[in-house]
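[1] okay, here's the prediction I keep looking at, along with the sequence it came from:
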Amino acid sequence: MSSVIASTRFSVLDRSRTREGYDAPEALRDTVRLAQEAEALGYHRFWVSEHHSVPGVAGSAPTVLAAAVAAATSTIRVGTGGVMLPNHQLLVVAEQFGVLESLFPGRIDMGVGRSVGFTDGIRRALGRDKSAAEDFAGQLTELLGWLDGTQRAHPQVHARPAEGLRIPPFVLATGEGAGIAAKVGLPLVVGDLRGREKLLRAVDRYRREFHPSSWAPHPCVVVAGTIAVAGSTAEARRILIPEAWSLAYSRTHGVFPPLAPAERVEALTMTEKESGFYESGLRGHLYGTEDQVVTALETVLEETGADEVLVTTSTYDRAALTDSLRRLARIAELTG
């Protein structure tokens, strides 16, 4: 096996996408089941995401869902990819992770990002506006202060039970966010694999500007992206089809639909605009047979020097998704 792959950790992020014929509660239960499967296959982490009022996505409360995942598993690390700090009161974020770490000691990761609600209506409902993301550096510093006891803006207030707990923080970011992660001295999660030049610029800036901290003495890069492995290239491509169509539909109609079966998408008559977005959504991912994915992974890991790969694949066929993760685990020899 490739030495560069053998020295890399592999983890999973699930967005709790809804599927045609299945409701949002089933999508959340799918996420918990996938976490159990990822644990059995030897993956290092399992993360969940935060999306507010997004049709087609059930995961709106990541710390709540992380608690359910942690309760249903026993060894895999569990975290968020990520909690969007501009949407929340930072004391509450610290308290939530403190509760998680107290209940599941040594297994909780705190992945955070700087995005705000993606429409004016959602931002108003959250009590935020676009400017809330402008002080991400300050928000991140305050959050870490609640954890290590150095937060001084409210000297009589303490984040209980979080204060003093070592909950590993990760920053999900590119561009300026990568610079902030470097300045604060935190691990960086960066993607996606389709925008390779942008990804490499972010990684280079992060490593160049990194300042060691008590949280991370050395740079740590987690590369996130869609990876699909199957018995043939065509089968692997079919795993990508539902998400590619959902993204194309959202770009042309403003709404993310539930993931549709690949065969229904292939039978659609698309407009020229829809077809353009759809074909674009299929390009740039890592997919194919095990041998093909090994070659593609080696290239990504050699270019980025990533310490870890976070698999973010979503699809309609849950059996195909599990099989893809099983094949990837075999590539990386995760279970020994």
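    Great, that's in hand.

[2] farthest residue from the center of this structure?
    Gln156 (34.9 Å; CA atoms, centre = their mean).

[3] got the phi/psi numbers for that residue?
    Torsion angles at Gln156 (phi, psi; degrees, to the nearest 10) stand at phi -90, psi 0.

[4] what's the spacing between it and Leu147?
    Distance, Gln156 to Leu147, using CB to CB, to the nearest Å: 17 Å. (C-beta placed from N, C-alpha, C; glycine too.)

[5] same check, this time on Phe10
    27 Å.

[6] for Arg208, same thing?
    Arg208 is 27 Å from Leu147, by CB to CB.

[7] the more surrounded of those two?
    Leu147 (23 against 10; other CB atoms under 10 Å).

[8] wait, is the more buried one part of a helix?
    Yes: per DSSP: H, G, I helix; E, B strand; the rest coil, Leu147 lies within a helix segment.

[9] can I assume it is in contact with Pro161?
    No: if you go by CB atoms under 8 Å, Leu147 and Pro161 don't touch, sitting 10.8 Å apart.

[10] what is in contact with the two at once?
    Gly98 (CB atoms under 8 Å, 6 or more residues apart in numbering).

[11] which residue is nearest the centroid of the protein?
    Most central in the chain (CA atoms, centre = their mean) works out to Gly81, at 4.0 Å.

[12] secondary structure class for Asp109?
    Strictly by three-state DSSP, Asp109 counts as strand.

[13] let me fix that, I meant to ask about Val171.
    Val171 ends up strand, using three-state DSSP.

[14] and it, how many residues sit next to it?
    Val171, neighbours per other CB under 10 Å, totals 26.

[15] the one 10 residues further on too?
    Using other CB under 10 Å, Ala181 has 32 neighbouring residues.

[16] do the same with the one 5 residues further on
    For Leu186, the count of nearby residues is 26 (other CB under 10 Å).

[17] in which helix or strand would I find it?
    Using DSSP states H and E, Leu186 maps to neither a helix nor a strand.

[18] so what's it up against?
    So Leu186 contacts 140, 169-171, 213, 215-216 (CB under 8 Å, 6+ apart).
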